[in-house]
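Visitor: Coordinates for the following, if possible.
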Amino acid sequence: MILVLRALGVGDLATAVPALRGLRAGLPGRELVLAAPAWLAPLAALTGAVDRVLPTDGPDRVDWTGPPPEVAVNLHGRGPESHRALATVRPTRLLAYRNPAGGHPDGPAWDDDEHEVRRWCRLLHAYGLPADPGDLALRRPAGPGVPAGVTVLHPGSKVPAKRWPADRFAGLARTLTARGHRVVLTGSADERALAARVARDAGLPPEAVLAGRTGLAELAALVADARLVVSGDTGVAHLATGYGTASVVLFGPVPAERWGPPADRPRHRVLGGTRAAGPDRDSAGFAGVGTHPTLGAIGIDEVVAAVAEVERVSGAVAA
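Guide: As a prediction, the model looks like this:
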């Protein structure tokens, strides 16, 4: 049995898909159990690599009661807490980045500047296992009755520094609607008020607000069949990558080189969030309140131009 720790969110799970499939291919015939938040189970099923989810809400404790796994894999981070948590299940073998403080002096060295997808593929490569960083495609959900061909705007983020201003999302929604887009607004239940405000200011009907009304499988289906996705650096952007849906992703405190869609995929455009933009390396590095300055510098016209470009390229690719 393989026990994999990735106790994070939607984007984190989506970027780990190549590594999960590499484990499946390199260690065949074994059950693969993913230690992750229970609510991610629908997305875990869409990877095609996970047999079941072990509900786990953080890196410091894995409530495993079965026999010691043959292999435990830390896809959560560099440790030491996550290394120690996996050590408690007494695996025969631990695959993880080197961290002597976490009781794991072996393994490759961590690289802060590495793209998140390549980071976990490199970990597997160091242990002689396959992993293709380009293998990001997700399975399409079956059944959920969600609208197709819509343009998804996702104004929220659990990190305030990653939120493009709501008034700009409203202006973008007005412009895209005038250009023939059928705009809907997504988000969590906590972000429903934000989405409703954007819809109101954009002149959209209440039924355009899907925030808090879709489960994870429904959100995946919505993105899979969408015309376009515009969002900040959050999970829905990674769903767009996984489904090859045209997208424009707005980055602020975190460099796009670490979390953005693959540079060789023409259906995606990135605005903001380069390493040259400033010293802030992640959302914790921004001491201000609200939108990060790099993200705040992105104007509506710039996003509209990126939308036009990605749709032009997407049409050419489809043709």
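Visitor: and residue 33, backbone torsions?
Guide: phi -110, psi 130 (degrees, to the nearest 10).
Visitor: quick one: pLDDT of it?
Guide: According to the prediction, residue 33 has pLDDT 98.
Visitor: which residues in the stretch 201-319 of the chain form helices?
Guide: Counting by DSSP state H, counting those that start in this stretch, one finds helices in the stretch 201-319 of the chain at the ranges 216-224, 235-243, 256-259, 293-296, 300-318.
Visitor: I'd assumed residue 112 was in contact with residue 119.
Guide: No. Counting by Cβ atoms under 8 Å, residue 112 is not a contact partner of residue 119; they are 9.7 Å apart. In short, each C-beta sits where N, CA and C put it, glycine included.
Visitor: what about these two, which has more around it?
Guide: More crowded of residue 119 and residue 112, by other Cβ atoms under 10 Å: residue 119, with 23 against 9.
Visitor: Specify the local secondary structure of that one.
Guide: helix (DSSP: H, G, I helix; E, B strand; the rest coil).
Visitor: So which residues of the protein form strands?
Guide: Secondary structure of the chain (DSSP state E): strands located at 2-5, 32-36, 52-55, 71-74, 93-95, 151-154, 183-185, 228-232, 247-251, 268-272.
Visitor: Quick one: list the elements packing against the second one.
Guide: Think strand 32-36. strand 2-5, helix 17-26, strand 52-55 (3 or more Cβ pairs under 8 Å, 6 or more residues apart in numbering; DSSP states H and E).
Visitor: now swap in the third one and tell me
Guide: With contacts taken as 3+ Cβ pairs under 8 Å, 6+ apart, strand 52-55 sits against strand 32-36.
Visitor: repeat that for 10 Å
Guide: strand 2-5, strand 32-36, helix 41-46 (3 or more Cβ pairs under 10 Å, 6 or more residues apart in numbering; DSSP states H and E).
Visitor: which residue sits closest to residue 7, ignoring its sequence neighbours?
Guide: The spatially closest residue to residue 7, leaving aside those adjacent along the chain, is residue 56, at 4.5 Å (Cβ to Cβ, 6 or more residues apart in numbering).
Visitor: er, residue 241 I mean
Guide: Residue 241 sits nearest to residue 261 (Cβ to Cβ, 6+ apart), 4.5 Å away.
Visitor: What of residue 192?
Guide: Nearest to residue 192 is residue 212, by Cβ to Cβ, 6+ apart, at 3.9 Å.
Visitor: Find me the pLDDT at the one you found, would you?
Guide: pLDDT for residue 212: 95.
Visitor: Let me know whether it touches residue 218 as I believe.
Guide: No. With contact defined as Cβ atoms under 10 Å, residue 212 and residue 218 do not form a contacting pair (11.4 Å).
Visitor: more neighbours, those two?
Guide: residue 218 (18 against 15).
Visitor: how close does the residue lying farthest from the centre of the chain sit to residue 61?
Guide: No residue in the chain sits farther from the centre than residue 67, which is 31.7 Å out by Cα atoms, centre = their mean. According to Cβ to Cβ, to the nearest Å, residue 67 and residue 61 sit 19 Å apart.
Visitor: mind checking which of the helices of the stretch 201-319 of the chain is nearest residue 270?
Guide: Among those, the nearest to residue 270 by Cβ to Cβ is helix 256-259 (4.4 Å).
Visitor: Mind listing residues that contact that closest one?
Guide: For helix 256-259, the surrounding residues in contact (Cβ atoms under 10 Å, 6 or more residues apart in numbering) are 11-12, 15, 112-119, 233-234, 237-238, 249-251, 263, 270-275, 277, 281-282.
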